[in-house]
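Colleague: Have a look at this prediction, sequence included:
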Amino acid sequence: MDNQLFDYTPITERDAIHWPGGARIAFYVGLNIEHYQVDLPSTSIFPGTAQLAPDPLNYGWRDYGPRAGIWRLIESLDRHQVRASVMLNSDVGERYPQIIQAGRDRDWAWVAHGKNNSIFQADMTPDEERAYLGEVIAATEKATRQRPRGWLGPALTETFRTPELLAELGLEYVLDWANDDQPYRLNVPGMLSVPYSIEVNDISLFVGKAVSGPDFVRIVKDQFDQLYAESAESGRVMSLVLHPFVIGQPFRHKYLDQALEYVVNHTGVWLTTTDEIAEHYARTAAAPAS
């Protein structure tokens, strides 16, 4: 079947995007703060035990994030004055309230990211998904005291109805499609797609490709330099996607600092959040002619 959610629009044929203050790059850190069920397989560092329940090896590796890695990561974000765009499982609010409080103290943006990263809605019926999304968004709002405006599905999963159901609930953008360097309008009234990187992503790089810390810094620099060069006439978005149980490992800590230092010290960079990117684009970009 053909994709009905969005139309093809080459980046070379669009109206120019102008970010606040004449910035060329809108840069955000996508911080995934997640909860995993102890009896279900999920993202793993060693597949040999991934189907076991319990699986102390892989569950413990993931659980390092909220216990230790997140606090080291927060130190880096604070040092470089970067506000996170948090992809938040709603279960986090009940289980790790200290993390929620740290984010509220720092005015983080909160993006709904499902109930936990062990449940995907891809096979839900319309009624099941509507109820699930409503529960997740309500729980996220209760925990953060802020109604989320955006959505990232656990493992970037959706059904063909997800954006429409999210729009019914008042959300304004999704991050799941990861196919552009600029925001664009979906064929769902009031709903945008905001860029999110699958490749400049610590799981893809460190776990999927086993890159080193210095390689990570080089990749972030190369991504930034190319987008910056292309943004002379029209703004671009750069996301840096992080997971506390990956980038929060002690031996990787200094490399995140080096990467952030490179980006934030450039002129023409808008240090922002996904909420602010979506709001600015929706307000300033002309809607396509019908």
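Modeller: Perfect, I can see it now.

Colleague: Excluding chain neighbours, what is closest to Tyr28?
Modeller: Spatial nearest neighbour of Tyr28, chain neighbours left out: Ser85 (4.9 Å); criterion: CB to CB, 6 or more residues apart in numbering. Using the backbone N, CA and C atoms, a C-beta is placed for each residue, glycine as well.

Colleague: next helix or strand past the helix or strand where that neighbour lies?
Modeller: Per DSSP states H and E, Ser85 falls inside strand 84-88. Later in the chain than strand 84-88, the nearest helix or strand by DSSP H and E is helix 91-95.

Colleague: what does the helix or strand following that next one contact?
Modeller: Once helix 91-95 ends, the next helix or strand along the chain (criterion: DSSP H and E) is helix 97-105. Contacts to helix 97-105, defined as CB atoms under 8 Å, 6 or more residues apart in numbering, come from residues 33, 66, 70, 74, 84, 86, 92-93, 110, 143-145.

Colleague: Between the residues you listed, which sits nearest Phe27?
Modeller: Ala84 (12.0 Å; CB to CB).

Colleague: residues near the residue nearest to Tyr28, how many?
Modeller: Ser85 has 28 neighbours, counted by other CB atoms under 10 Å.

Colleague: where's it relative to Thr273, distance?
Modeller: To Thr273, Ser85 is 4 Å away according to CB to CB, to the nearest Å.

Colleague: Mind listing the shared neighbours of these two?
Modeller: Residues touching both Ser85 and Thr273 (CB under 8 Å, 6+ apart): 28, 108-109.

Colleague: Let's have the residues you listed in CSV, adding pLDDT.
Modeller: What follows is the shared contacts of Ser85 and Thr273, written out as CSV (pLDDT from 0 to 100):
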residue, pLDDT
Tyr28, 99
Trp108, 98
Ala109, 98
